[in-house]
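Visitor: Please find the sequence and the predicted model below.
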Amino acid sequence: MGLMEFMQSPTGKRMTGVAYSLGASIVIVGALFKIMHWPGAGVMLTIGMGTEAILFAIGIFDKPHKDYHWELVWPELDDEGAEGSAHGVVAAGDSKELSIPTVDTKALVEEQLKNLSEGVSKLGNTASQLANLSEAANVSSSYISNVNAASQAAGAFAASQANLKNSSDSLVNSYKDIEASISSASSGSKNFADQMNGINKNISSINSMFEIQAKTANEQGEAMSLVTTALKTVAGSINSSAASAESYKSEIEKLAQQMKSLNTVYGNMLNAMTIRG
């Protein structure tokens with residue numbers, strides 16, 4: 001069995017689905033490592049992107065869907081004769097959806113067989129009555145032969161109806177399998193697209209947060225620069241005040257010294273005046 005045949009087999013389709021699911025999980029985990037800035041984010045993202053590339057490469061082995069000419073079996077499916085028919089082709093965008101005719105073939109076959117059985121039974125009763133008549137012996141014999149031929153024809157018709165029912169059931173099952181395969185593939189593609197859209201939204205949100213943080217950091221840097229300038233001004237003012245205080249202290253000490261000298265002079269004058277008196 002070649003690779004293409006294996007990929008189209010049930011086992012190959014199952015393994016392909018498993019590979020798509022596991023590969024998508026690895027891609028998402030790699031993107032999560034990168035978004036959260038966890039250790040090994042670069043390695044995980046590289047592994048995820050490599051896995052995604054491999055998954056796309058596997059897609060080249062998918063066999064294109066084969067179109068069957070169902071209008072040859074059911075003429076009402078033909079586009080030219082679809083107008084006015086109860087079963088036709090409904091166009092929706094670029095895709096075409098077939099409405100599968102739901103015909104109860106089992107009830108139809110049973111009803112036809114019942115009618116044939118009743119007719120054959122009536123013919124058999126009539127033939128039995130005619131056979132008992134001696135004057136109609138030749139006619140009844142011929143009539144019975146015709147009844148037998150009709151019975152054989154009814155049996156052949158019943159067999160044909162049974163074969164038609166089996167063919168219809170097989171065709172309906174084929175339609176159901178095709179519809180299930182298309183639904184499964186569409187669902188898998190939609191889930192993967194939704195996951196990638198969610199990842200893109202998360203990345204955009206994180207970029208916005210980084211921009212806000214960078215802007216806030218710049219504003220804080222400018223504020224710190226203003227505070228530093230103000231502190232330098234205050235320090236200069238304090239130094240100037242300290243120098244003024246030192247000068248004031250010196251002047252006070254000089255004044256105190258002068259007051260002391262003046263008190264000494266006054267004391268001497270008082271002593272002199274006291275002695276003279």
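Guide: Noted; the coordinates are in hand.
Visitor: Look up how far Asn173 lies from Asp67.
Guide: Going from Asp67 to Asn173 by C-beta to C-beta, to the nearest Å gives 18 Å. Glycine gets a C-beta too; all of them are placed from N, C-alpha and C.
Visitor: Which residue of the two possesses the greater neighbour count?
Guide: Using other C-beta atoms under 10 Å, the more surrounded residue of Asp67 and Asn173 is Asn173, with 10 against 6.
Visitor: element containing the more buried one?
Guide: helix 137-276 (DSSP states H and E).
Visitor: do the same with Lys63
Guide: Going by DSSP H and E, Lys63 is not part of any helix or strand.
Visitor: mind checking how far it is from Lys13?
Guide: Taking C-beta to C-beta, one finds Lys63 at 10 Å from Lys13.
Visitor: Neighbour count: the two, which is higher?
Guide: Neighbours per residue, other C-beta under 10 Å: of Lys63 and Lys13, the larger number sits with Lys13, 15 against 9.
Visitor: which ones are touching that one?
Guide: Met7 (C-beta atoms under 8 Å, 6 or more residues apart in numbering).
Visitor: That one and Ser204: what is the separation?
Guide: On the measure of C-beta to C-beta, Lys13 and Ser204 end up 36 Å apart.
Visitor: for Asn239, same thing?
Guide: 53 Å.
Visitor: With Phe61 instead?
Guide: 35 Å.
Visitor: for Leu55, same thing?
Guide: Distance from Leu55 to Ser204, by C-beta to C-beta: 25 Å.
Visitor: Neighbour count for these two, which is higher?
Guide: Leu55 (18 against 10).
Visitor: In which helix or strand does the more buried one reside?
Guide: Applying DSSP H and E, one finds Leu55 within helix 41-58.
Visitor: Mean confidence (pLDDT) on that helix, please.
Guide: Helix 41-58 carries an average pLDDT of 92.
Visitor: Contacts for that helix next, please.
Guide: 16, 19-20, 23-24, 26-31, 33-34, 38.
Visitor: Could you give the average pLDDT over the helix holding Asn173?
Guide: 73.
Visitor: quick revisit: where do the contact lists of Lys63 and Lys13 overlap?
Guide: With C-beta under 8 Å, 6+ apart, Lys63 and Lys13 have common neighbours Met7.
Visitor: For Thr274, give its distance to Ser261.
Guide: 21 Å.
Visitor: so how many other residues sit close to Thr274?
Guide: If we define neighbours as other C-beta under 10 Å, then Thr274 has 8 of them.
Visitor: Please apply the same query to Lys232.
Guide: 10.
Visitor: ok, now how distant is it from Glu5?
Guide: Lys232 is 84 Å from Glu5, by C-beta to C-beta.
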